[in-house]
Every structure is written in C-alpha cells, then in structure tokens.
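# quick check, what structure comes out for this input:
(chains A and B, ligands or ions: 1)
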Amino acid sequence: MDCEEARFGLYALLDDELEVSKNLEILSHLEGCPTCHRELELDMRVKSLVQAQLAAPAPSPELWNRIVRRIDQEAEVARRPSGGVAKWWPTAAALRMVWGAPAIVLVLSFSLWILHAGQVPSPFVEELVQEHRGSVTRKRGPVDLPATDPAEIVRHFRAEVPPSSPVPLLAQEGARLVGGSLCHVGEAKGLRFTYEVGLGRIVSLFQMPRPTRALPFWPRLGPRYIAQSQGPGVLVWGDARFLYGLVGELPQEDLQRLASRMKGI
Amino acid sequence: MREKARGSGRRREFEELTLPHLGSLYRFTVQRVRNAAQAEDLVQEACLKAYRGFDRFERGTDAKAWLFRILINTIVDAQRKRSREPTELAVEIGTLKAEGSHLLDPETQLMAESLGQQVQVAIEALPQDWQAVVLLSFVEGFTYKEIAKTLDCPIGTVMSRLYRARQALRHRLKRHLDVDPRRATGTGPSVTPIALLRARRKARDKKEG
Ligand SMILES: [Zn+2]
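Predicted coordinates for the structure are as follows:
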C-alpha cells in the first residue's frame, strides 16, 4: 500500500469507519511512514480539539413540555368536527382556519397609506403589519407561547427582550390575551402580545426596546403616530424606553380607544 | 374515546423516539443559529413537523437521522426567510445588537479570544454544508452512512466535505495543533494515534470473534 492509498483511508480509519482488514493494512503502512503518521496525528488533534472545546449547551427543561403542549393542541383541534370557530375561546388552529383563508390573505395584500397627507409609509409600520399578518397565517400557529397573563410572556422571553415594568396590558372588556411571541422588526427583537377581541378578530400589541440612536428605519415618533392600511389599522407610539404598536382589523377609532385604555404603559 | 387513546399511544411512541435526541437536536441548532431562544423555537417547530409526519416514519429505521433531517430543513428554511429581509436594514439595525461580535473578521477575533471561542469561530467560518458534516460527525458521533442519510447525499460527498472541513480547521487552528507536546496549547490525545487505533482494533476483534 502506498501513501496515496493510505491517505484515502486515513480519515475513515480515524472515524472508525473502515472494515477490519483495510484497517490493518493502513496501520502497517502508518508504522513505517512518518509523513502519513503526522497527517493522522494532526487530524486526530483537530477532532479532539473540536470535541473538547465546543460548548454543549442544554435546552431549557421546559422545552419538551412546550412541544407536548403544542402537539396536544393540534390533536385536540384535529378531533373537533369542522370549524369550531364559534367558541368564545379561540384555539390556535381555529384562528389559523379563520385567518388562513386565501381570500382574506388576498384582501390583506396591503398597500399602506398614511392619514397624514404626503407622508411616505415607514418601513417600521409595514413590518409591524407584516408581523401581524404573519402571526395569523404562519404554520406554527399564531403564538409561540400560549398564555393568559402578559407577565408570563415577558418573563418567558426576558433573555431576548429586556423586561418592562409595568407590563403592558390591553384592558378593554372583551379583549382576551391568547399568547405571546418573539417578533423581529428589522433586526430588532420585540414582543408581540396576541389578543382576541371577539368575532375571531385579532389585535397584535407590539413592544420593543427603543433604539439608542435615530435610524431611518424607525418612524420619527410624535406622541402618536397613526397609520391606516387597507387591511389592519396601525397605531404606533413610544416612551423613553420602548416603542409600542397596536395592529388589528379594527376601525381607527376602536384602535385608539383600545390604546387609551391600556394599562401598564 | 378510542381515537383519543390511539392519539396518546402515538404520542408516547413519538416521545420514546424523540426525547432521547432532544439534547442533540438543540445542541446542533444552537451551534448553527447562535441564539438560545431561536434554537428552541426551531427545535420545537422541527418536532411538531416530525410529529405531523410521524405516520410516514418507517418504524425500525433510524429515528436520529430522520429527526435531524427534518431539523436541518427547518433551520435552512428559517435562514432563507431571514436572508430575504432587506440587507441595508439588517446592517442598520444590526449595529444595535450587542451580540454582533460574530460579524468581526475571524482573524481579528483569533487575537482576543479563548481557545473555545476560537474553535467556535473556526467552525462558524466553514460553509454551512461542511459545518453540518463536522458537527454531526465530531460532536454527535454520526457514522458516514448516518450523515449521508440525514443530509440526503452520497457517502462520497460526506467524506469529501469532511476532508475539506478538516483541512480548513487545521489551517485555522494550526497554532493549537502542534504535534510536539511541549509546545502544544490544545488538548490533544495523550497516546499516539497508532496505539489508539491498535487498541480500538483489538477491542473490536474481541467483540467480533
Ligand atoms: Zn505514507
């Protein structure tokens, strides 16, 4: 066996992949060939270096429970006879059924315009609307974390989005929290609280840390920044630390009413 | 009622097959996306996809390869979706992120970082396909055949990717791979390769014969 042949088998040998007879042949070659021996030694070092140095993080102990909960949710919906939308408490799949309808998506294929004449729609507002739309059409369901308490959502994602105090809450009667998700607006991370406001309508309440410097992507915020799209209405405002967005299939006045009664911000 | 019982039996079976690999699935994903919460999301999504397609899983075949295959597709889909975001936007907002350090030139990083971080950077610098092969082979202990099945490619492709990845890693980590033990800074094997391989062969001969 020559060096070329031996080299070919070297990796397989190292990874314990060769049949025994071949193994023997290469071993004999290695004993008499310092060059191949050095090659092998270097490759062993690379492998053990990677194995020793690469961090081995573990998932949170809650991960499997969350997966099982989602599986059960899906199974529950699959068992239910057609629809089930009329229920007061919307399940993930029921929401998907309502909002996933292609016709609605078509209607929603939005063109934004802004009430203030002459202003160009901010990409920030467009992304909020996309996030909102995405939440009701995406495959894995409208929320990452089903929850009825916004504090639970803030706690859950605290590693990703700095917790706020107090926690924002839509306090209007008839608005019920379904759950929360991590959302990405541009490259910024924020939270989306998903509310059901009756008749299967969804309102998304966004909260994200305010950027430390002015960026063209973010709207130049007055006290309130109001936008309307053909589909959902949008209301954006901010305080010193956070930006908030309210997006939903509601008339502008209803959105404003919801926002004005918000607790915690 | 019977349907419900069947459902929970199916779930138990799924759990028995999947739960033992959850740690590996997560570890692999974190390595690829470098973000714990996003990694959990992706693993969750992959598990849900796997459960939905559980009827199509051939019982008795390799669940690990099946799960990783679904996971890798999920990761690739997510990364493709993210890369569609407008780039100038990504750069603009990206500067806000404290964890943007992986954007640095790898050579610059080598100067400042611990050995573990350097290995990390060296792996991240590999093309995605090579990265997957290295992680599956070195970290998860997959055989070539299992990797080929997971990535849906011929064994020859696995071997050539692994070969090239090793060359790249050797180049990038060369100052930690000094064979002279007095100068080596990395943790290398303390026995010579031949001794190790001979011992391994002996053990296998014993088992087989
Ligand atoms: Zn040789």
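
# next, count neighbours for residue A:63.
20 (other C-beta atoms under 10 Å in any protein chain shown). Just so you know, the C-beta spots here come from the backbone N, C-alpha and C atoms, and that holds for glycine as well.

# ok, it - contacts?
By C-beta atoms under 8 Å, 6 or more residues apart in numbering or on different chains, the residues touching residue A:63 are B:22, B:26, B:40, B:43-44.

# go again using 6 Å as the cut-off
residue B:40 (C-beta atoms under 6 Å, 6 or more residues apart in numbering or on different chains).

# please parse the chain into its domains.
I went with chain A, as the question did not name one. Here the domain assignment for chain A is A:3-55, A:61-117, A:123-263, based on automatic domain parsing.

# hmm, I had chain B in mind actually
B:1-84, B:98-198.

# lowest average confidence across those, which one?
Here the lowest mean pLDDT among the domains of chain B goes to domain B:98-198, at a mean of 75.

# for chain B, which segments are assigned as helices?
B:2-18, B:22-33, B:36-52, B:63-83, B:87-94, B:106-112, B:115-124, B:128-134, B:144-151, B:155-172, B:193-208 (DSSP state H).

# what sits up against the third one?
Yep, that's helix B:36-52 we're talking about. For helix B:36-52, using C-beta under 6 Å, 6+ apart, the contacting residues are A:59, A:63, A:67, A:70-71, A:140, A:160, B:14, B:25-26, B:29-30, B:33, B:67, B:70-71, B:74-75.

# quick one: residue B:27 from chain A, how far?
The gap separating residue B:27 from chain A is 6 Å, by C-beta to the nearest C-beta, to the nearest Å.

# skipping its backbone neighbours, what lies nearest that residue in space?
residue A:56 (5.7 Å; C-beta to C-beta, 6 or more residues apart in numbering or on different chains).

# thinking again about what came up before, return the members of the contacts of helix B:36-52 classed as buried.
Buried by 16 or more other C-beta atoms under 10 Å in any protein chain shown: A:59, A:63, A:67, A:70-71, A:140, B:14, B:25-26, B:29-30, B:33, B:67, B:70-71, B:74-75, out of the contacts of helix B:36-52.

# could you count how many residues lie near residue 146?
No chain specified, so I'll use chain A. 20.

# I was thinking of chain B, sorry if that wasn't clear
18.

# what's the answer for residue B:52, then?
14.

# look up how far residue A:146 lies from it.
18 Å (C-beta to C-beta, to the nearest Å).

# got a list of what residue B:161 touches?
Counting by C-beta under 6 Å, 6+ apart, residue B:161 makes contact with B:129-130, B:133.

# what does chain A have sitting close to chain B?
Neighbours of chain B within chain A, by C-beta under 6 Å from any C-beta of the partner chain: A:17, A:23, A:30, A:40-54, A:56-59, A:63-64, A:67, A:70-71, A:75, A:140, A:160, A:186-188, A:211, A:215, A:217.

# on that earlier part again, which of the domains of chain A has the lowest average pLDDT?
With a mean of 54, domain A:61-117 has the lowest mean pLDDT of these.

# show me what contacts the residue nearest in space to the middle of chain B?
Nearest residue to the geometric centre of chain B (C-alpha atoms, centre = their mean): residue B:135, 3.4 Å. By C-beta under 6 Å, 6+ apart, residue B:135 lies in contact with B:28, B:31.
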